[in-house]
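Peer 1: 3D model of this:
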Amino acid sequence: MTAPARVGILLALMLSSVSVFGQSQDVYQFDSREQEQRFQTLIAELRCPKCQNQNIADSNAPISKDMREAVYRMMSDGASNEEITNALVSRFGEFVRYKPEVDSRTIMLWATPALVVFIGVVVVLLTVRRSGRAGPAAGALTDEERARASRLLYDEDQNDRSS
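Peer 2: Next comes the predicted model:
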């Protein structure tokens, strides 16, 4: 390998590693392992308002960093999980919850899956009932229909032979 090629590869590696060093990792001090676990659970349950479907634990968005700091600060002040979640919901909206509470605004969100399953079961039951009523004789041909089908098949067979 030539010297310019080595220099080019080294330069490419150095430039690609700059992005790794540019990302900082949040460091928080906790009094106990339980408190750290509580923090991790809370930030995993809250959604980033900027990112489509990413929690604030995994998001690198500045707003997620602010939310993580707010969670840590409120935990340090002695707030409960519910108080922390309610504070973030009041600031950023219901979207930050992965599991929104059941209320008048979200009832359709919770009821839709059950409603769809119920409608599906009703459609299947009606279809089965309807096919059971028709019985096996419903698909049978009358003598007249059989004779017509035979004529059509015979005529088609004759046309194929003459071609």
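Peer 1: which helix of the protein spans the most residues?
Peer 2: Secondary structure of the chain read by DSSP state H shows that its longest helix is helix 107-134.
Peer 1: list the buried ones in stretch 86-106?
Peer 2: 88-89, 92, 96-97 (16 or more other Cβ atoms under 10 Å). (Glycine included, C-beta is placed from N, CA and C.)
Peer 1: Quickly check these for the two that are furthest apart.
Peer 2: Greatest spacing in these, by Cβ to Cβ: 92 and 97 (9.7 Å).
Peer 1: List the contacts of the nearest residue to residue 45 once chain neighbours are set aside.
Peer 2: Closest residue to residue 45 in three dimensions, ignoring its sequence neighbours and counting by Cβ to Cβ, 6 or more residues apart in numbering: residue 98, at 6.0 Å. Taking Cβ atoms under 8 Å, 6 or more residues apart in numbering as the criterion, residue 98 is in contact with 45-47, 55.
Peer 1: Out of those residues, who's the most crowded?
Peer 2: residue 46 (25 neighbours; other Cβ atoms under 10 Å).
Peer 1: so residue 106 sits right up against residue 97, yeah?
Peer 2: No - if you go by Cβ atoms under 8 Å, residue 106 and residue 97 don't touch, sitting 9.6 Å apart.
Peer 1: List the residues that contact residue 84.
Peer 2: 42, 70-71, 74-75.
Peer 1: Now flag whichever of these is closest to residue 113.
Peer 2: residue 42 (26.4 Å).
Peer 1: Near that closest one, how many other residues are there?
Peer 2: 22.
Peer 1: now it, what's its secondary structure?
Peer 2: Recorded secondary structure, residue 42: helix (DSSP: H, G, I helix; E, B strand; the rest coil).
Peer 1: So it sits against residue 74, correct?
Peer 2: No - applying Cβ under 8 Å, one finds residue 42 not in contact with residue 74, separated by 9.3 Å.
Peer 1: Give me the residue at the spatial middle of this structure.
Peer 2: residue 53 (8.0 Å; Cα atoms, centre = their mean).
Peer 1: Brilliant, that's me finished.
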